[in-house]
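[1] need the 3D shape of this:
(chains A, B and C)
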Amino acid sequence: MTVLEQLQAEPKNLWKRIVLFIVLLAVVAWGSDSVSYQGIGEQGSIVASGILHGIFHPNPELLFNLTDGGVPYLVLQTIAIAILGTIFGAILAIPVSFLASTNIVPKWVAYIFRALILLIRTIPSMVWALVWIRVTGPGAFCGVVTQSVCSIGMISKMYITAIEDLDTGILESLDAAGCNTFQKIRVGIMPQLSASFVSTAIYRFDINLKDATTLGIVGAGGIGSPLVQSITYSRWSNVGAFLWALILLVLIIEYVSTRIRSTLARGRQ
Amino acid sequence: MIEFKDVSKTYPNGTKGLQHVNLQIEQGEFVAIIGLSGAGKSTLIRTINRMIDITEGQLTVDGTDVMTLKGSSLRKFRRKIGMIFQSFNLVSRSTVIKNVLSSNVPDMPWYKVFLGIYSKEQKIKALEALDKVNILDKAYHRCDELSGGQMQRVALARTLAQNPSIILADEPVASLDPIMADVVMSDFAKINKEMNITILLNIHHVDLALKYATRVIGVRAGQIVYDGPADQVTQDVLDQVYNGKAVPKSTDIQTEAEVA
Amino acid sequence: MSTAKIKKPPLFDRVFKPEHIVLENGHSVDRPRSRMPLILGSLLVVIVISLKMTGFDFSVIINRARELTVILGQIFQPNFSYFPNIVRPLVETIKMSILGTVIGCLIGLPLAILASSNINHHKPSLLAIRFILSIMRSVPTLIYASVLALVFGLGTFAGTLAITIFTVGIVAKMLYESIETIDMKPYEAMISFGATTLQAFWTACMPQILPTYVDDCLYCFELNVRASSILGYVGAGGLGVLIRERTGLRAYNDLGMVLLILFLVVLVIDFVNDYIRSKIS
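    Residues are numbered from 1 along each chain as shown, chains lettered A, B, ... in the order given. Okay, the predicted model is just below:
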């Protein structure tokens, strides 16, 4: 083999790259043709400067107002919505995910429940909230119910992975030791699943908290509702106060949940 | 010519890497540096292309005082000095030839670097370098498909493609099995003879150092305790370099990597 | 952990002293008290407070369950003749997600590089960029959209911008986490033969990052299609406009059709992304 022979043998992928590039460019061009910048109107620039002003001058009265219209109460209410939504969702997801695990139930049963999970996951949580609001009326209660249902989707998906990874060798050894079904579940299955179930729930709590602020927009309680109202009525210093509270809340919860989950994964030292 | 004049290196934490080193290395020499782990072998090698800054004395390479270099002049200076590492330092996801071609990057315009376009001449030169280390047939394989010895030869080819006048090698055979270590060392010897490139290498295995190098430098606690022809290294010399401890051989099982 | 120096036990173990068990043969072991009662107890308190704060009332669900079944029943009987009205907003939604994802991913790459502690050794700028990125991520897309729709007028421009901001935050975070795990040795080698920081990064680090980068971008695109489908609710264009309008009119059969189409589109995009991923790896 000579150098020149090897040079000839070089795999040619220039054309592939060019075609890929053109396809990508075409997709972006197609995507951008209907998005047009119409400029900032007079109204727009008032809003923009209002927002900036509000962010640097949050309304202090709101921040330290301890009634149910103040920031502290609304933050706690948002957390409460996310906590209940997560706990109910995590509990409801247990039967659903066992019924959707191929190593527990027959395949056809599992697929029916998987379709149900997929359905829950695809409908945006806001649409769920819009449906539930007809049942519960607006308010934090609606947020809790919505999140309980929405959480089932993702939580089940992750539970299923944990259930299908179960080490069944332990069950055999418990059988040999003469355990009954309940004892087998308590001693053989629960310890294997509990850590990953709790970790999943905490992860979902993180998501639910962000989602709870969004749900407020359609009237499902929490800090989102007054935030959007303040935006609509141009109360910019209130917007600033709510935004700072929201950012701080999300950052703190994200940090704490990451810490707890990494402790769960590594075990206590 | 590489010249150390009373060079010292003190690390920020107070560790003395080099103490009053005086050395003169002529073009075309094959120098092996031996010594215990932590004796300052790595520091000595890495000061030459200023991967490590010296703190005292003067270090000149072909008449250039290396401590006066900075920014683009330093990069230009480094172009003529090749470097080989213990762990090969290749992009394992890329193909062999891409790794060899990467040695051209410093001289290329930004858009060619961005798009990864190399000229035909550069490719021929890269393939020739691969041919020189007998690994031409692997040119279009990914590096992670190769064995350790093959990867070190790719790294050698990458260095050759940059036309260096000096090659610095920091423990080049420490991660290889004894047979591959011998092959790679003979590659170094061949390059040294045929292309008149100065070679400076750190080596843990004294037997390989004595077999291939023409000159041996013994380092202990940052000081040079032996400097002379390879064939005059006696047991006394080794005792002095290794502080009376057992002398490492290439057939020993390698357990610890050279630290700093 | 025999080599570690003796640490002060955590507060819990100082309050609830570990049980000291002595075996018959004289060997002894300390059993730390279980944390379970404390955790369950505080969880119970938190739940009770939360139930009070949210006005949770289970009887409402039971009494008005019929309402729900009616609505869901209508959603599951989608009105297929409504399809022609969906096409335009659907295309709008997809266009917003594509453009927002592409721009967001392009901006996210340099920011991620500057936010990686193994590339950027300048601590203040590193922390500043990370802080900005976490703020970008913590504000929900819908809030961005509702503000931007007021600033730039109703329509897809505000939606695209909202998606771009969100994408930058999330892509940059995922990316800098993977950049920090790459092998920096090839980078060192390139520096040793005279490459600049940028040249060395692009040639030695980029090939390692590229597969994860493409993967992250595709993941973001999936997220963004779902997110942009509801942005219209605050006036930022796309399917959300229909969702708001149809629920307002209680036209749940039409809503069902919108959701069905959204479901199919998400399914197709997941499928295409999986195909691209299998091609790359």
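
[2] does B:Ile84 really touch B:Ile166, like I thought?
    No: using C-beta atoms under 8 Å, B:Ile84 is not in contact with B:Ile166, being 11.5 Å away. In this view, the C-beta of every residue, glycine as well, is placed from N, C-alpha and C.

[3] these two: which has the busier surroundings?
    B:Ile84 (25 against 22; other C-beta atoms under 10 Å in any protein chain shown).

[4] tell me the bridge partners for the more buried one.
    B:Ala169 (DSSP bridges).

[5] contacts only, for it.
    Residues in contact with B:Ile84 (C-beta atoms under 8 Å, 6 or more residues apart in numbering or on different chains) are B:152, B:155-156, B:159, B:167-170, B:172, B:201.

[6] any low-confidence regions in the chain?
    No chain was given, so I picked chain A. Chain A contains residues with pLDDT under 70 at A:1, A:267-269.

[7] wait, I meant chain C there
    For chain C (pLDDT under 70), the answer is C:1-7.

[8] close to chain B: what parts of it are there?
    C:183, C:185-186, C:188-196, C:199-200, C:202-204, C:207-208, C:211 (C-beta under 8 Å from any C-beta of the partner chain).

[9] give me the buried subset of the residues you listed.
    C:183, C:185-186, C:188-196, C:199-200, C:202-204, C:207-208 (16 or more other C-beta atoms under 10 Å in any protein chain shown).

[10] take those and keep only those in helices.
    Members of those lying in helices (criterion: DSSP state H): C:185-186, C:188-192, C:199-200, C:207-208.

[11] helices of the stretch 1-150 of chain A, start to end?
    Ranges of helices within the stretch 1-150 of chain A are A:3-8, A:14-32, A:42-56, A:60-63, A:71-99, A:107-122, A:125-136, A:140-164, based on DSSP state H, counting those that start in this stretch.

[12] so the third one, near chain C or not?
    If I follow you right, that is helix A:42-56. Yes: Helix A:42-56 lies within reach of chain C by C-beta under 8 Å from any C-beta, at A:43-45, A:47-48, A:51.

[13] for ChimeraX, what selects the buried ones among those?
    ChimeraX command restricting the residues of helix A:42-56 next to chain C to the buried ones, with burial defined by 16+ other C-beta under 10 Å:
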select /A:44,47,48,51
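
[14] export the residues of helix A:42-56 next to chain C to a markdown table and tack on distance to A:Arg114?
    Below are those laid out as a markdown table (distance: C-beta to C-beta, whole Å):
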| residue | distance to A:Arg114 |
| --- | --- |
| A:Gln43 | 48 |
| A:Gly44 | 46 |
| A:Ser45 | 50 |
| A:Val47 | 45 |
| A:Ala48 | 46 |
| A:Ile51 | 44 |
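
[15] of all the residues of helix A:42-56 next to chain C, which comes closest to A:Gly169?
    Checking the residues of helix A:42-56 next to chain C against A:Gly169 by C-beta to C-beta gives A:Ile51 as the nearest, at 59.6 Å.

[16] distance of the closest one from A:Val250?
    19 Å (C-beta to C-beta, to the nearest Å).

[17] over to B:Thr43?
    From B:Thr43 to A:Val250 the distance is 48 Å (C-beta to C-beta).

[18] can you tell me the SS state at residue 250?
    By default, I'm working from chain A. helix (DSSP: H, G, I helix; E, B strand; the rest coil).

[19] how about the contacts made by it?
    A:Val250 neighbours (C-beta under 8 Å, 6+ apart): A:209-210, A:213, C:137-138.

[20] which strand or helix spans B:Val237?
    helix B:235-241 (DSSP states H and E).

[21] give me the most central residue, the chain.
    Looking at chain A here, since you left the chain open. Geometric centre of chain A, nearest residue: A:Ile207, 3.2 Å, by C-alpha atoms, centre = their mean.

[22] think we crossed wires, I meant chain B
    So for chain B, C-alpha atoms, centre = their mean, it's B:Ala169, sitting 1.2 Å from the centre.

[23] pretty sure that residue sits against B:Ile197.
    No: taking contacts as C-beta under 8 Å, B:Ala169 lies outside contact range of B:Ile197: 11.2 Å.

[24] who touches the helix holding B:Val237?
    Outside helix B:235-241, the residues touching it (C-beta under 8 Å, 6+ apart) are B:34-36, B:206, B:218-220, B:225-226, B:247.

[25] that one: how far from the chain's middle?
    24 Å (C-alpha atoms, centre = their mean, to the nearest Å).

[26] list the buried ones in it?
    Applying 16+ other C-beta under 10 Å to helix B:235-241 flags B:237-238, B:241 as buried.

[27] and for stretch C:108-119?
    C:108-109, C:111-116, C:119.

[28] centre of the chain to it, how far?
    19 Å.

[29] please apply the same query to stretch A:125-145.
    Per C-alpha atoms, centre = their mean, the centroid offset for stretch A:125-145 relative to its chain is 17 Å.

[30] please see if it touches chain C.
    Yes: using C-beta under 8 Å from any C-beta, stretch A:125-145 reaches chain C at A:126-127, A:130-132, A:134-136, A:139-141, A:143-145.

[31] counting neighbours, what do you get for A:Ala245?
    By other C-beta under 10 Å, 22 other residues sit near A:Ala245.

[32] excluding its backbone neighbours, what's nearest the residue of the stretch 151-260 of chain B found nearest chain C?
    At 5.6 Å from chain C, B:Gln162 is the closest residue in the stretch 151-260 of chain B, using C-beta to the nearest C-beta. In space, and not counting its chain neighbours, B:Gln162 is closest to B:Ser103: 4.2 Å by C-beta to C-beta, 6 or more residues apart in numbering or on different chains.
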